[in-house]
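Asker: give me a model of this one.
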Amino acid sequence: LRGGQQVQSCAFHPSKPHFMVATMRSVRIYDLQKQAQVKQLISGAKWISSVTVHPTGDHVVVGSYDRRVVWWDLDFASKPYKTLQYHDKA
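Answerer: I've put the predicted structure just below:
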(Lines give C-alpha, C1' and ligand atoms only; values in the text may rest on other atoms or scores of the structure.)
Protein backbone atom coordinates (compact mmCIF):
# COMPACT_ATOMS: atom_id res chain seq x y z
CA LEU A 1 0.00 0.00 0.00
CA ARG A 2 1.01 3.58 -0.44
CA GLY A 3 2.68 5.26 2.47
CA GLY A 4 4.45 2.08 3.55
CA GLN A 5 1.50 0.71 5.53
CA GLN A 6 1.55 -3.03 5.97
CA VAL A 7 -1.51 -5.20 5.43
CA GLN A 8 -2.64 -6.80 8.69
CA SER A 9 -5.70 -8.69 7.43
CA CYS A 10 -8.17 -8.70 4.53
CA ALA A 11 -11.67 -9.89 3.63
CA PHE A 12 -14.06 -9.98 0.68
CA HIS A 13 -17.56 -8.51 0.77
CA PRO A 14 -20.08 -11.38 0.56
CA SER A 15 -22.21 -9.92 -2.24
CA LYS A 16 -20.48 -6.86 -3.76
CA PRO A 17 -17.18 -6.76 -5.67
CA HIS A 18 -15.51 -5.10 -2.67
CA PHE A 19 -12.28 -6.05 -0.93
CA MET A 20 -11.42 -4.86 2.60
CA VAL A 21 -7.80 -4.34 3.59
CA ALA A 22 -6.94 -3.73 7.24
CA THR A 23 -3.78 -1.76 7.88
CA MET A 24 -2.41 -0.86 11.29
CA ARG A 25 -5.09 1.76 12.12
CA SER A 26 -7.75 1.68 9.40
CA VAL A 27 -9.73 -0.47 6.98
CA ARG A 28 -9.76 0.50 3.32
CA ILE A 29 -12.56 -0.72 1.09
CA TYR A 30 -11.77 -1.14 -2.60
CA ASP A 31 -14.17 -1.69 -5.49
CA LEU A 32 -12.59 -4.45 -7.56
CA GLN A 33 -14.54 -3.60 -10.72
CA LYS A 34 -13.62 0.10 -10.69
CA GLN A 35 -10.19 -0.62 -9.20
CA ALA A 36 -10.57 2.30 -6.82
CA GLN A 37 -10.83 2.93 -3.10
CA VAL A 38 -14.45 3.43 -2.05
CA LYS A 39 -14.12 4.22 1.65
CA GLN A 40 -11.67 4.32 4.52
CA LEU A 41 -12.80 3.30 8.00
CA ILE A 42 -10.75 4.85 10.82
CA SER A 43 -10.67 2.55 13.84
CA GLY A 44 -9.15 4.52 16.70
CA ALA A 45 -7.30 1.32 17.64
CA LYS A 46 -3.53 1.31 17.96
CA TRP A 47 -2.95 -1.85 15.92
CA ILE A 48 -5.58 -3.85 14.02
CA SER A 49 -5.03 -7.61 14.04
CA SER A 50 -8.04 -8.97 12.13
CA VAL A 51 -11.06 -7.96 10.06
CA THR A 52 -14.31 -9.73 9.23
CA VAL A 53 -17.49 -8.88 7.35
CA HIS A 54 -21.00 -9.89 8.41
CA PRO A 55 -22.68 -12.28 5.91
CA THR A 56 -25.18 -9.55 4.97
CA GLY A 57 -22.27 -7.24 4.11
CA ASP A 58 -23.68 -4.39 6.20
CA HIS A 59 -21.23 -4.61 9.10
CA VAL A 60 -17.43 -4.76 9.43
CA VAL A 61 -15.71 -5.74 12.68
CA VAL A 62 -12.02 -5.55 13.52
CA GLY A 63 -10.08 -6.88 16.48
CA SER A 64 -6.94 -5.16 17.69
CA TYR A 65 -3.86 -5.91 19.73
CA ASP A 66 -4.81 -3.15 22.16
CA ARG A 67 -7.81 -5.25 23.28
CA ARG A 68 -10.53 -3.48 21.32
CA VAL A 69 -13.27 -4.68 19.01
CA VAL A 70 -14.42 -1.96 16.61
CA TRP A 71 -17.73 -2.29 14.75
CA TRP A 72 -18.94 -0.26 11.74
CA ASP A 73 -22.34 -0.16 10.10
CA LEU A 74 -21.37 0.49 6.47
CA ASP A 75 -24.73 2.08 5.63
CA PHE A 76 -24.11 5.05 7.94
CA ALA A 77 -20.59 6.38 8.36
CA SER A 78 -16.84 5.87 8.22
CA LYS A 79 -16.66 6.34 11.98
CA PRO A 80 -17.24 3.32 14.24
CA TYR A 81 -20.76 2.48 15.31
CA LYS A 82 -19.45 0.90 18.50
CA THR A 83 -16.08 0.26 20.16
CA LEU A 84 -15.80 -2.46 22.78
CA GLN A 85 -12.73 -2.40 24.98
CA TYR A 86 -10.80 -4.85 27.11
CA HIS A 87 -11.57 -8.19 25.55
CA ASP A 88 -9.30 -10.91 27.00
CA LYS A 89 -7.72 -12.43 23.88
CA ALA A 90 -5.59 -9.61 22.52
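
Asker: for the rest of this, base every contact and every neighbour count on C-alpha atoms.
Answerer: Will do.

Asker: what's the burial count for residue 29?
Answerer: Neighbours of residue 29 under the rule other Cα atoms under 10 Å: 21.

Asker: kindly report the same for residue 36.
Answerer: The number of residues near residue 36, taken as other Cα under 10 Å, comes to 11.

Asker: how about residue 11?
Answerer: 16.

Asker: hmm, it is touching residue 50, no?
Answerer: No. Using Cα atoms under 8 Å, residue 11 is not in contact with residue 50, being 9.3 Å away.

Asker: and the pLDDT for the spatially closest residue to residue 68 that is not a sequence neighbour?
Answerer: What sits nearest to residue 68 in space, not counting adjacent residues and going by Cα to Cα, 6 or more residues apart in numbering, is residue 85, at 4.4 Å. If you check residue 85, the pLDDT there is 83.

Asker: so who does residue 85 touch?
Answerer: Counting by Cα atoms under 8 Å, 6 or more residues apart in numbering, residue 85 makes contact with 67, 68, 69.
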